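Undergrad: What follows is a protein structure lacking sequence information:
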Ligand SMILES: [Zn+2]
């Protein structure tokens, strides 16, 4: 069945350790496949950039092993986003497209 396919504008949540004491990290997926859309938005891929509301950057580091978009694995809800001091997961995705 798989997990919901992630796309541009999906929400990422986790912890940001760049603030003295750890803060909740909430970010938005900015990057995406140039020409592959899901629900009208660019499909998210491994290596796409996430920007947190606190200003810190994350990168999508896990994705589907079996579905690619433009040579990169497609990201799904619950895939991992890390960065310098950022540990988080994608928390939203398509409500009608699922990726294994
Ligand atoms: Zn931060």
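TA: Nice, I can see it. Keep in mind that this is a model prediction, so the values were computed, not measured.
Undergrad: give me every residue that touches residue 51.
TA: Listed by Cβ atoms under 8 Å, 6 or more residues apart in numbering, the contact set of residue 51 reads 27, 28, 30, 57, 58. To be clear about C-beta, it is placed using only N, CA and C from the backbone, and glycine gets the same treatment.
Undergrad: Report the contact partners of the nearest residue to the fourth one once chain neighbours are set aside.
TA: Spatial nearest neighbour of residue 57, excluding adjacent residues (Cβ to Cβ, 6 or more residues apart in numbering): residue 83 at 5.1 Å. If you count contacts by Cβ under 8 Å, 6+ apart, residue 83 has them with 50, 56, 57, 58, 59.
Undergrad: Quick check: of those, which lies closest to residue 88?
TA: residue 58 (6.1 Å; Cβ to Cβ).
Undergrad: Show me what from the chain comes close to the ion.
TA: 16, 18, 54, 56 (Cβ under 5 Å from the ion).
Undergrad: For those, work out which two are farthest apart.
TA: 18 and 54 (7.4 Å).
Undergrad: show me where the protein has strands.
TA: Secondary structure of the chain (DSSP state E): strands located at 3-4, 11-16, 23-29, 37-38, 41-42, 49-52, 57-60, 68-69, 72-73, 80-83, 86-90, 98-99.
Undergrad: Isn't residue 89 up against residue 75?
TA: No. Contact between residue 89 and residue 75 fails when scored by Cβ atoms under 8 Å: they sit 10.5 Å apart.
Undergrad: that older thread, which residues does the residue nearest to residue 57 bridge with?
TA: For residue 83, the beta-bridge partners are residue 86 (DSSP bridges).
Undergrad: Now do it against residue 11, distance only.
TA: Look at residue 83 and residue 11: by Cβ to Cβ, to the nearest Å, they are 16 Å apart.
Undergrad: Same question for residue 78.
TA: According to Cβ to Cβ, residue 78 stands 12 Å off from residue 11.
Undergrad: Which one of the two is surrounded by more residues?
TA: Counting neighbours by other Cβ atoms under 10 Å for residue 78 and for residue 11 shows that residue 11 has the greater number, 16 against 13.
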